[in-house]
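1. kindly return the folded structure for what I paste below:
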Amino acid sequence: MSISFFLRGLLIGLSIAAAVGPMSILCMQRTLTNGQRYGLISGLGVATADALYGCIAAFGLTAIATFLVGQAFWIRLIGGLFLLYLGVRTLLTKPATQAKVGSADNLATAYLSTLLLTLTNPLTILSFVAIFAGVGVGSASRSYGSALIVVLGVFTGSALWWFLLTGCVSLLRGRFTATWLVWINRASGVLIVVFGIGALLGL
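-> Numbering: from 1, shown residues only. Below you'll find the model as predicted:
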């Protein structure tokens with residue numbers, strides 16, 4: 001039973017992480033600009049946020065979910081503005097010719113930025129509730145142990161996706177010239193700005 005809950009959580013984490021969105025663009029851009037470590041750490045920030053929202057859904061923390069959904073306007077407003085900031089910053093960033101080693105502070109910033117940005121979409125909780133019920137793990141909230149296993153599976157699945165994605169992008173990085181990297185950076189910045197504008201218009 002525990003393995004079953006873990007595998008279901010794993011599939012949920014994979015499916016949610018694999019959805020194309022601003023986080024995918026941002027993690028790929030960071031991998032191309034600074035190397036796989038930056039991209040992977042950024043992806044782990046997303047995976048952590050997914051696990052936190054999955055935790056709220058799996059444990060049935062109704063009060064927290066209700067509060068976050070009730071503040072969705074302001075939270076998403078902040079998220080949209082943050083996306084605009086990241087998009088413009090990406091446009092102005094010059095890609096490194098070689099992957100950077102990365103200091104602990106920079107890696108922490110990469111992690112926290114994607115963690116907080118992913119958390120600016122509290123409606124994700126409702127998605128988790130619906131998905132959990134759809135695949136038969138909604139009852140996991142009756143057992144704290146089962147709920148924890150599901151959440152662990154969600155984090156593992158999400159983290160696995162980001163490891164595979166950034167690994168593939170990192171392998172392709174050496175095939176791009178400096179000029180290509182600049183244009184990829186600009187295109188990524190534009191896409192992130194578009195996602196930011198879309199988030200603000202969606203309010």
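2. mind checking which helix or strand of this structure has the lowest mean pLDDT?
-> The helix or strand of the chain with the poorest confidence is helix 62-70; it has a mean of 71 (mean pLDDT, DSSP states H and E).
3. which parts of it are buried?
-> 65, 68 (16 or more other CB atoms under 10 Å). (C-beta placed from N, C-alpha, C; glycine too.)
4. and it, how far out from the chain middle?
-> 21 Å (CA atoms, centre = their mean, to the nearest Å).
5. neighbouring contacts of that helix?
-> Defining contact as CB atoms under 8 Å, 6 or more residues apart in numbering, one finds that helix 62-70 is touched by 56-57, 75, 122-123, 125-126, 129.
6. and these, which two are furthest apart?
-> I75 and V129 (17.7 Å; CB to CB).
7. in the protein, where is pLDDT below threshold?
-> Of all residues in the chain, those with pLDDT under 70 make up the ranges 1, 61-63, 93-105, 133-143, 177-178, 180-181, 203.
8. and if we set it to 50?
-> Applying pLDDT under 50 to the chain picks out residues 140-141.
9. biggest helix in it by residues?
-> Ranked by residue count under DSSP state H, the longest helix found in the chain is helix 144-173.
10. report the buried residues of that one.
-> Under 16+ other CB under 10 Å, the buried positions of helix 144-173 are 146-163, 165-166, 169-170, 173.
11. can you name the next helix or strand after that helix?
-> Downstream of helix 144-173, the next assigned helix or strand under DSSP states H and E is helix 178-201.
12. that next one versus helix 144-173: what angle between them?
-> Here the directions of helix 178-201 and helix 144-173 differ by 140 degrees (axes from the mean of the first three to the mean of the last three CA atoms, to 10 degrees).
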